[in-house]
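Asks: Let's see this in three dimensions:
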Amino acid sequence: MMNVEVTAAGDWFHGMVYASVLAFWKWGPRFDMIILDDCPSPAPLLKLLFRTKIFFYCHFPYQLLIPLRSVREVLIFIEMYLIEGWCMKFCDFIAVNSKFTRCKVQHFLPSLSKRNCSILYPTISADLDACDRRSAVDIVPNNKVMFLSLNRYWPGKKIEVAIQALSILKQKLQRLQWMNIELVVAGSVEHRLSYCANYSKYLKRLSQSLGVSENVKFLENISRAKKATLLAGCRALLYTAPFEHFGIGPLEAMHFGKPVIAVDGCGINETVLPNQTGVLVPFSPSAFADAMASIIADDRLNKVCAARGRDWVNQNFGRDAFDKRLMRLLDLSS
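Replies: Below is the predicted model:
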């Protein structure tokens, strides 16, 4: 294979600015309202071009997603602190994905502290049900107890806690029990970002150093079908992010009737019903290990979640519920 040198030109230019100008050139100022999702940066330009109302759906303040490990990242944080709130001031209506996110927006963006941010919970993908659940056996044999960590390979997700918990769990089980336990760590890896690629390598080294590598399987950039298969075949989902603003993964697990073990005190509190669809624990490997051991020893929570989980998700976080909330907010905004 030939080595081709590639030089990127213009990658400093914000894509949403280009999209805003293109939309104005193609359609002109004909809209009653513009809906922005996730990124508020084009709001000032959109307001200038279209002179109409802007509805912004905020997933989480960008400044809080920036790891502060270098001078460059600190400078980016300061830039985002100054710019993000200013851009959101051009939005006439702001919706957020959880009460947890609303608290963070109003606290870290002082200019928005008195703004009324409505709650609009996200929904899950409708194509999860297309999975053939029988194929889960191909990944996890029937005699295996599989715990699933389903998340981006991102340092903030603290996936190492799941591996550390597995190491502690090993000490609680008899040898034959331990041989049937497996942790599957699955999610996307952005190899263009060095800290994501390095984090993936770190997790693999950690499993080896803790002596649990034979019971841990790492899967990267899996398909939707594979994800649904894993959800169908797992015993429980481990969700270790300590500051998760919402979390689609827990909804997907509950949709499949699987209990969620997650950190107490963040956006997960708004989605997981304790002792019905999951367990909320302190942020520590030992707390996760205790919850895992309980689920192995007693399957009552699995039975309750299997009976309750899907209905809970469909009624409160399904597509119909999302559509109704969104249309109600748009009606109030118009």
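
Asks: domain parsing for this structure?
Replies: Here the domain parsing of the chain from the TED database is 13-123+322-332, 133-316.

Asks: Comparing those domains, which comes out most buried?
Replies: Comparing the domains of the chain by mean neighbour count (mean count of other Cβ atoms under 10 Å), domain 133-316 ranks first with a mean of 19. The way it works is simple: take the backbone N, C-alpha and C, and place the C-beta from them, glycine included.

Asks: starting at the chain centroid, how far to it?
Replies: 13 Å (Cα atoms, centre = their mean, to the nearest Å).

Asks: start the count at 55, not 1, going forward
Replies: In the new numbering, first residue 55, that becomes domain 187-370.

Asks: ok, back up a step: now the domains of the chain as a markdown table including mean pLDDT?
Replies: Compiled in a markdown table, the domains of the chain are given as follows (pLDDT from 0 to 100):
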| stretch | mean pLDDT |
| --- | --- |
| domain 67-177+376-386 | 85 |
| domain 187-370 | 91 |
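
Asks: Assess the claim that residue 214 and residue 261 are in contact.
Replies: No: Residue 214 is beyond contact range of residue 261, at 9.3 Å (criterion: Cβ atoms under 8 Å).

Asks: does the spatially closest residue to residue 210 that is not a sequence neighbour count as helix, strand or coil?
Replies: Nearest residue to residue 210, sequence neighbours excluded (Cβ to Cβ, 6 or more residues apart in numbering): residue 295, at 6.6 Å. On the three-state scheme (DSSP: H, G, I helix; E, B strand; the rest coil), residue 295 is labelled coil.

Asks: for residue 342, what are its contacts?
Replies: Contacts of residue 342 were listed using Cβ atoms under 8 Å, 6 or more residues apart in numbering, and they are 215-216, 219, 292, 294, 315, 335.

Asks: How is residue 169 classified with respect to secondary structure?
Replies: coil.

Asks: Tell me which residue lies nearest the centroid of this protein.
Replies: Residue closest to the mean C-alpha point of the chain, counted by Cα atoms, centre = their mean, is residue 301 at 4.1 Å.

Asks: Look up phi and psi at that residue.
Replies: Torsion angles at residue 301 (phi, psi; degrees, to the nearest 10) stand at phi 100, psi 100.

Asks: can you check residue 113 too?
Replies: The phi/psi pair for residue 113 (degrees, to the nearest 10) is phi -90, psi -40.

Asks: what's near enough to touch it?
Replies: Residue 113 neighbours (Cβ under 8 Å, 6+ apart): 91-92, 150-151, 155, 299-300.

Asks: Farthest pair within those residues?
Replies: Within these, 91 and 299 form the most distant pair, 14.7 Å apart (Cβ to Cβ).

Asks: No further questions, thank you.
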